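Engineer: The sequence and its predicted three-dimensional model are supplied below.
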Amino acid sequence: MWEGNTVRFLDHLSGYIGYRYDAADEDALIGALEVTDDESPDAWFEYPLVGTPLLRVFLAQAVGSAVLSVRVEGDIDAVLAARIETMLDLLSDGP
């Protein structure tokens, strides 16, 4: 996913699970992604979205680019999985 779409992705994903995403969530992202590396399993940023179901979103930069790798874990049914995949497809384009 293009890094500039991170907030949009998290906001929409939160809506699907009944979590109210707000400015405090955006503040948690400040500087957090700069130290990530999608090639290192220990260098991913983990962020919980406390809704139904509880989701853990993992984000990491592809070093040297504006691309983020994204992984979402939790009790994800087929409908939510399809929504996540669709969002990632749509948000993978740059500006």
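Structural biologist: The structure has been received and is ready for your questions.
Engineer: which residue ranges form the strands in the protein?
Structural biologist: If DSSP state E is used as the criterion, the strands of the chain fall at 45-49, 55-61, 68-74.
Engineer: With Gly4 as the reference, name the closest of those strands.
Structural biologist: Gly4 lies closest to strand 68-74 among these, at 9.4 Å (Cβ to Cβ). Heads up, the C-betas are built off the backbone N, CA and C, glycines and all.
Engineer: mind checking how far the residue lying farthest from the centre of the chain is from Ser40?
Structural biologist: In the chain, Gly64 marks the outermost C-alpha relative to the chain mean, sitting 18.9 Å out by Cα atoms, centre = their mean. Taking Cβ to Cβ, to the nearest Å as the measure, Gly64 falls 14 Å from Ser40.
Engineer: Report the buried residues of stretch 61-72.
Structural biologist: Within stretch 61-72, the residues that qualify as buried are 61, 67-68, 70, 72, counting by 16 or more other Cβ atoms under 10 Å.
Engineer: ok, now which ones touch Ser69?
Structural biologist: 1, 38, 44, 59-62 (Cβ atoms under 8 Å, 6 or more residues apart in numbering).
Engineer: Show me which pair in the residues you listed is furthest apart.
Structural biologist: Once Cβ to Cβ is applied, the contacts of Ser69 give Met1 and Trp44 as the farthest pair, at 13.7 Å.
Engineer: now the helices for this structure?
Structural biologist: 6-17, 23-29, 78-90 (DSSP state H).
Engineer: Can you list the neighbours in contact with the second one?
Structural biologist: To tie it back to what came earlier, the one meant is helix 23-29. 6-7, 10, 14, 45, 47.
Engineer: what sits against Asp37?
Structural biologist: Here Asp37 is in contact with 43, 60-61, 63 (Cβ under 8 Å, 6+ apart).
Engineer: Closest to Met87 out of the residues you listed?
Structural biologist: Nearest member of the contacts of Asp37 to Met87, counting by Cβ to Cβ, is Ala60, at 17.5 Å.
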